[in-house]
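**Student:** When you get a sec, could you give me coordinates for this:
(2 chains)
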Amino acid sequence: MEKGKLQEYWRTNVRYLIGLLVVWFTVSYGFGILLADQLNAISLGGFKLGFWFAQQGSIYVFVVLIFVYVILMNKLDRKFDVREE
Amino acid sequence: MDVQTWTYLIVGITFAIYIGIAIWAKAGSAKEFYVAGAGVPPLANGMATAADWMSAASYISMAGLISFMGYDGSIYLMGWTGGYVLLALLLAPYLRKFGKFTVPDFVGDRYYSNVARTVAVICAIFVSFTYVAGQMRGVGVVFSRFLEVPINTGILIGMGIVFFYAVLGGMKGITYTQVAQYCVLIFAFLVPAIFISLLVTNNPVPQIGFGSEVVGGGYLLDKLDGLHQELGFAPYTDGSKPMIDVFFITFALMVGTAGLPHVIVRFFTVPKVRDARISAGWALIFIALLYTTAPAIAAFARYNLINTVSNTSYAELPNWFKTWEGTGLIAWADKNDDGAVQYVKGAPFDGKPAFTGETGELGQRLLSNELTDNANELYIDRDIMVLANPEIAQLPDWVIALVAAGGLAAALSTAAGLLLVISTSVAHDLVKKQINPNISEKSEVLIARIAVAIAIVIAGYFGINPPGFVAQVVAFAFGLAASSFFPVIILGIFYKRMNKEGAIAGMLAGIIFTAAYIIYFKFVNPAANVPANWIWGISPEGIGTLGMLINFAVSIVVSKITPEPPADIQELVDSLRYPKGSGEASMH
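**Tutor:** Numbering: from 1, shown residues only, chains lettered A, B, ... in the order given. Have a look, this model is predicted:
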């Protein structure tokens, strides 16, 4: 593959990574740790929200993040014709 | 049938399955032995990764730890799952494209240096041995509690089973036994959790029951916070660790997970780059099943425990209390002579219980420990929360037997994965790559098999004679993985300018800083291991995060002031970045 296209593929990949890692950081370190005390003022059923993010929510979001990345990259691989057969 | 018979039956059946798989999946070539021929379907690899990753500690100890730590236990929940996002996004696909057998392979080739390779080999072996000793011990403990054989006999049986399928099947045998072991362990973990959730909250889904009202009214977590306040503990949902330490420990565990060689190597076993991405997703789903259930079990168990024992007279305590007292994992000292259990904040005495061998007038085992002057009378080992759960909830005998089989599956699957890393490091990274590159494939596999066998014996030895510092070195394993492997691999992929000098300087700076900090506070001067002496209040458990940052900084600065890597290495980095052609890349 030509160099320019490869660079474009890689730049798009890095953009996806940054976006997803911002979410990764926000739900775990943001909601689960740094802002946990503030969020604990909000209730989600019997959970305080900060506590819920730390012990449940962040894990669910982690799973979703990986599958979003898989879908994005499978599309990108096809678009740039680097998909393995 | 009684519990023992059930346990023999269920454990026997599961062991027969593992052995059957080992015979079916016998490895022939080096590629089969090291990476299961790179032919494992992603879903199966996800299960195998989950079993590989979830150890005796995750299965037996984690829920108990959280039960006693409350919110602070989140460090394990987030720390041991969030690393999979890093693996899927930043490591797994590129390492799969690289297409070799091991992490030291990548470090050695990417940094065109046998020094870097050797540093990586030493780290891989050290990290794996610290881990595997704990697994063998776990096998022994489960055997001794459920089958009433001595711990050492249990360890020998465990060694025999692992020996059989790891030596015979290599990675191929290990992968498919891990798939079976995952099924056993998750079933065994969820069944009691569902029963207990129903009992406490009338809701069969523990993850929802956790946030529901208890039978009799009031939200479970609110009630727990209330009980904790009454008894002088920190509120269950608040915790007591300083925020910066929670942050750093969580980060070190996440990054450490992503840098652990026995986890990384699992992504070498799938056929394609896109399979590496999705199998990280499957792995995390399978792990999340246990990791979202564990905090629920922790809260149920805490609630049950306090309600059962607090201010209850010893004579009226349920049977399980006395059974576990018999094993020495529960102890009671009636400080105020009222015949009832007072359970409040503080340790009842220093260290582990020392029984005199006599019993008091109520039948309790008497202690020779010097008692502390706080009002707490109860000693409980954290490990019993999961193991005693079925008894506390009065579940049928077969469930108790299942929990034993699950604990064994968790310990054996992790042990096997670690042993393979050790043997691969010796046979491939040391012998094949450095000592004798002309060795035939057949002899290489033979050396790998012998190395597994020796590693099993050493691991068994440490299981039988556990060094007192096993618990201490776990911080080491994660700290080292975080401060050594993670930055060199990330930079090797994402920073083309990164060179040999940067990698070696960075790894050494990260490892030396982290190791020095942990050794000082854990071994040299344990008395000084208090928050006031820590750098910015970061405990030795969390220091790997700082070590990682130091590694990143040193690597980048040193590689900027030294010559750039050769052209063929820069091409290698380019080729890692897109998936096509991983078939050719993996040809040796």
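**Student:** how deep is A:Tyr9 tucked in, by neighbour count?
**Tutor:** 20 (other CB atoms under 10 Å in any protein chain shown). Bear in mind the C-beta positions are built from the backbone N, C-alpha and C, glycine included.
**Student:** can I assume it sits in a strand?
**Tutor:** No: under DSSP: H, G, I helix; E, B strand; the rest coil, A:Tyr9 sits outside any strand and is assigned helix.
**Student:** And it, how far from B:Leu87?
**Tutor:** Counting by CB to CB, to the nearest Å, the gap from A:Tyr9 to B:Leu87 is 21 Å.
**Student:** Could you do A:Leu17 as well?
**Tutor:** Look at A:Leu17 and B:Leu87: by CB to CB, they are 13 Å apart.
**Student:** Between those two, which has more neighbouring residues?
**Tutor:** Applying other CB under 10 Å to A:Leu17 and B:Leu87 shows that B:Leu87 carries more neighbours, namely 29 against 17.
**Student:** contacting residues for the more buried one?
**Tutor:** B:Thr257, B:Ala258, B:Val263, B:Ile264, B:Phe267, B:Ala280 (CB atoms under 8 Å, 6 or more residues apart in numbering or on different chains).
**Student:** Do I have it right that the fifth one meets B:Ala88?
**Tutor:** No: judged on CB atoms under 8 Å, B:Phe267 makes no contact with B:Ala88 at a distance of 9.0 Å.
**Student:** what's the overlap in contacts for those two?
**Tutor:** B:Ala280.
**Student:** Now do the end-to-end distance for stretch B:419-430.
**Tutor:** The first residue of stretch B:419-430 is 16 Å away from its last residue (CA to CA, to the nearest Å).
**Student:** Over to stretch B:203-213?
**Tutor:** End-to-end distance for stretch B:203-213, by CA to CA: 9 Å.
**Student:** how about the helices of chain A, start to end?
**Tutor:** For chain A, the helices defined by DSSP state H cover A:3-25, A:36-39, A:49-52, A:58-79.
**Student:** Now tell me which of those helices the model trusts least on average.
**Tutor:** For those, mean pLDDT drops lowest on helix A:36-39, to a mean of 86.
**Student:** Who are the contact partners of residue 40?
**Tutor:** Since you didn't name a chain, this refers to chain A. By CB under 8 Å, 6+ apart, the neighbours of A:Asn40 are A:Lys48, A:Leu49, A:Gly50, A:Phe51, B:Thr237, B:Asp238.
**Student:** actually chain B
**Tutor:** B:Val40 sits next to B:Ala48, B:Thr175, B:Thr269, B:Val270, B:Pro271 when contact means CB under 8 Å, 6+ apart.
**Student:** And chain A, is the helix or strand encompassing the second one touching that?
**Tutor:** Per DSSP states H and E, B:Thr175 falls inside helix B:151-201. No: for helix B:151-201 and chain A, the contact criterion (CB under 8 Å from any CB of the partner chain) is not met; the two come no nearer than 9.0 Å.
**Student:** Could you list the domains of chain B?
**Tutor:** Listed by automatic domain parsing, the domain ranges of chain B are B:3-304+B:397-467, B:312-392.
**Student:** Any idea how many residues pack against the nearest residue to B:Val142 once chain neighbours are set aside?
**Tutor:** With CB to CB, 6 or more residues apart in numbering or on different chains as the criterion, B:Val142 has its nearest non-adjacent residue at 4.2 Å, and that residue is B:Gly407. If you count neighbours by other CB under 10 Å, B:Gly407 ends up with 27.
**Student:** Was I right to think A:Ala54 contacts B:Tyr76?
**Tutor:** No: judged on CB under 8 Å, A:Ala54 makes no contact with B:Tyr76 at a distance of 10.7 Å.
**Student:** neighbour count winner among the two?
**Tutor:** Ranked by neighbour count (other CB under 10 Å), A:Ala54 and B:Tyr76 place A:Ala54 first, with 31 against 24.
**Student:** any idea how far that one is from B:Ala333?
**Tutor:** From A:Ala54 over to B:Ala333 (counting by CB to CB), the distance is 35 Å.
**Student:** go on, B:Ala22?
**Tutor:** Using CB to CB, B:Ala22 is found at 49 Å from B:Ala333.
**Student:** And B:Val270, by the same measure?
**Tutor:** With CB to CB as the criterion, B:Val270 and B:Ala333 are 55 Å apart.
**Student:** and if you look at B:Ala410?
**Tutor:** Distance from B:Ala410 to B:Ala333, by CB to CB: 33 Å.
**Student:** quick one, which of those two is more surrounded?
**Tutor:** Set side by side, B:Ala410 and B:Ala333 show more neighbours around B:Ala410, with 31 against 21, by other CB under 10 Å.
**Student:** Tell me which helix or strand that one sits in.
**Tutor:** In this assignment (DSSP H and E), B:Ala410 forms part of helix B:397-424.
**Student:** Could you check the angle that helix makes with helix B:151-201?
**Tutor:** Orientation of helix B:397-424 against helix B:151-201 (axes from the mean of the first three to the mean of the last three CA atoms, to 10 degrees) gives an angle of 130 degrees.
**Student:** Which strands and helices lie in contact with the helix or strand following helix B:397-424?
**Tutor:** Proceeding N to C from helix B:397-424, the next assigned helix or strand is helix B:441-464, under DSSP H and E. Here helix B:441-464 touches helix B:30-35, helix B:114-146, helix B:151-201, helix B:397-424, going by 3 or more CB pairs under 8 Å, 6 or more residues apart in numbering or on different chains; DSSP states H and E.
**Student:** Much appreciated, bye for now.
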